[in-house]
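Chemist: predicted model and sequence follow; I will ask about them next.
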Amino acid sequence: GPTEDDLARESISELLGEEMRVDPQLEQELREKFAHMSMTMPERNVKQATLIPSAQALLNPVGTAPGWWVEKDNRIIVAMPGVPREMYRMWENEVQPRLTDRVGGGVLFTRILRVTGMGESTVEEQLDGLIHSTNPTLATYAKTDAVDVRISAKMTTEEEAEKQVVDMEVKVRDILGSHVFGIDSDTLSSVVGDLLQARNQTLGVMESITGGLLSSALTDVKGSSSHFIGGLVTYSTDMKEWMGVPKETVDRYGAVSEQTARAMAHAVRERLGTTFGIGITGVAGPGLQEGKPVGTVHIAVEGPEGVVTSKGPGWRGNRQDNKRYAVLTALNLLRQLLEGTVIPEG
């Protein structure tokens, strides 16, 4: 970064005993990036254009800070931006290919299995009989939307490496079952989107606790307009009733209840004319609502064959985390219904 407290470049420079200097080509590219955004580059950002003799710049396609690839004395140092989306893209586009090129004696093939509904420690425990495999190797990583299981194999040819990975993938799927929802860059939103598109089916949502976050997640997927018809944010009780939730249901069971979630799913499905409707209501926090604890969430998915419901376990995260967990739970419940791993009530 360009700030005074970002000392990554200075630390590497001092460690290797090399002087940092502004690279004219990097500086020009930086100024062009700012100009493209109709902004004047602050002079402190010139720091981002510095290099030392043993460093090469790593391109940053989604930010202004280039990374460093440093080679000296048969050692490699990699410095990347701290912003996760910038670091991820730089790793994928710049760092990983360079490292792969240096893996001698074979071809490396990797696949990531994306897991939901289980914590990282549980996934690792379930895979205990496989986790110590040496080729292919397994590793687990906790992400904000899933737990990733990385399977990597190194063989003479890509075909042989891929076969090793696929054979291990079958074993992992046998153990984790429907908790595996996708591979590599799949998200729950993209998976349910693909399932809906393949069947020419549509979705509408009515959300309260999540305040539009579920709709936002669904529209993160390219082409979502073909299956996602729209979302209604009914944060107040009056809005729920105005959008078709019976007043008697809310009065009798409360705004945060399974019955209200069911009514919301039915109402949005009727109002938007969609194949499926999702209703989601709950308590984000920090205080109780209707005497119900923070993290209480009720979700209902209604489709042509009936309704499936889920009750959040009473998450104790902060407000933002509880909303995110609720969205992931709703998407997963829809996925399970579409894949036939849960049976709707008629």
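Modeler: Yes, it's here.
Chemist: which residue ranges of the chain form helices?
Modeler: 8-16, 24-36, 84-90, 96-101, 120-126, 158-176, 188-198, 213-218, 237-242, 247-253, 258-272, 319-339 (DSSP state H).
Chemist: turn those helices into TSV, including distance to Val149.
Modeler: For the C-beta atoms, the positions are set from N, CA and C on the backbone; glycine is no exception. Formatted as TSV, those follow (distance: least, CB to CB, whole Å):
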stretch	distance to Val149
helix 8-16	31
helix 24-36	37
helix 84-90	18
helix 96-101	18
helix 120-126	7
helix 158-176	6
helix 188-198	16
helix 213-218	22
helix 237-242	40
helix 247-253	40
helix 258-272	32
helix 319-339	17
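Chemist: any weak-confidence spans in the stretch 51-200 of the chain?
Modeler: 103-105 (pLDDT under 70).
Chemist: picking that back up, and the helices of the chain as CSV, adding distance to Arg75 and mean neighbour count?
Modeler: Shown next, in CSV, are those (distance: least, CB to CB, whole Å; neighbours: other CB atoms under 10 Å):
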stretch, distance to Arg75, mean neighbour count
helix 8-16, 10, 15
helix 24-36, 23, 14
helix 84-90, 20, 16
helix 96-101, 13, 12
helix 120-126, 31, 16
helix 158-176, 27, 16
helix 188-198, 39, 20
helix 213-218, 42, 21
helix 237-242, 61, 16
helix 247-253, 64, 14
helix 258-272, 57, 23
helix 319-339, 39, 21
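Chemist: what's the closest of those helices to Ala300?
Modeler: Of all these, helix 258-272 sits nearest to Ala300, with 4.0 Å by CB to CB.
Chemist: which residues are contacting that closest one?
Modeler: 202, 204-206, 208, 229-232, 234, 240, 243-246, 249-250, 252-254, 274-281, 298-302, 307, 309, 311 (CB atoms under 8 Å, 6 or more residues apart in numbering).
Chemist: show the pLDDT at Pro2.
Modeler: pLDDT recorded at Pro2 is 78.
Chemist: which residue, other than its chain neighbours, is closest to it?
Modeler: Asn45 (4.4 Å; CB to CB, 6 or more residues apart in numbering).
Chemist: now do the same contact list for that neighbour.
Modeler: Contacts of Asn45 (CB under 8 Å, 6+ apart): Pro2, Leu30, Phe34, Thr64.
Chemist: about what we covered before: what about the helices of the chain, which gets the closest to Asn135?
Modeler: Across these, closest to Asn135 is helix 158-176 (CB to CB), at 6.8 Å.
Chemist: could you export stretch 272-290 as CSV, CA atoms only?
Modeler: Output in CSV follows, covering the C-alpha atoms of stretch 272-290 (Å, rounded to 0.1, in the frame of the first residue of the first chain):
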residue,chain,number,x,y,z
LEU,A,272,-44.0,-12.6,-8.4
GLY,A,273,-45.3,-15.8,-10.1
THR,A,274,-42.1,-17.8,-9.6
THR,A,275,-41.4,-21.5,-9.3
PHE,A,276,-39.8,-21.1,-5.9
GLY,A,277,-40.2,-18.5,-3.1
ILE,A,278,-37.9,-18.0,-0.1
GLY,A,279,-39.0,-16.3,3.1
ILE,A,280,-36.4,-15.4,5.7
THR,A,281,-37.0,-13.7,9.0
GLY,A,282,-35.0,-13.6,12.2
VAL,A,283,-33.1,-11.6,14.9
ALA,A,284,-29.8,-10.1,13.7
GLY,A,285,-29.0,-8.5,17.0
PRO,A,286,-27.7,-7.1,19.2
GLY,A,287,-30.9,-7.3,21.3
LEU,A,288,-33.8,-9.8,21.7
GLN,A,289,-36.8,-9.5,19.5
GLU,A,290,-40.2,-10.9,20.7
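Chemist: closest one to Val70 among the helices of the chain?
Modeler: helix 8-16 (6.2 Å).
Chemist: check contacts around the residue nearest the centre of the chain.
Modeler: The chain has Asp145 as the residue nearest its centroid, 4.4 Å off, counting by CA atoms, centre = their mean. Contacts of Asp145 were listed using CB under 8 Å, 6+ apart, and they are Thr116, Thr187, Leu188, Leu328.
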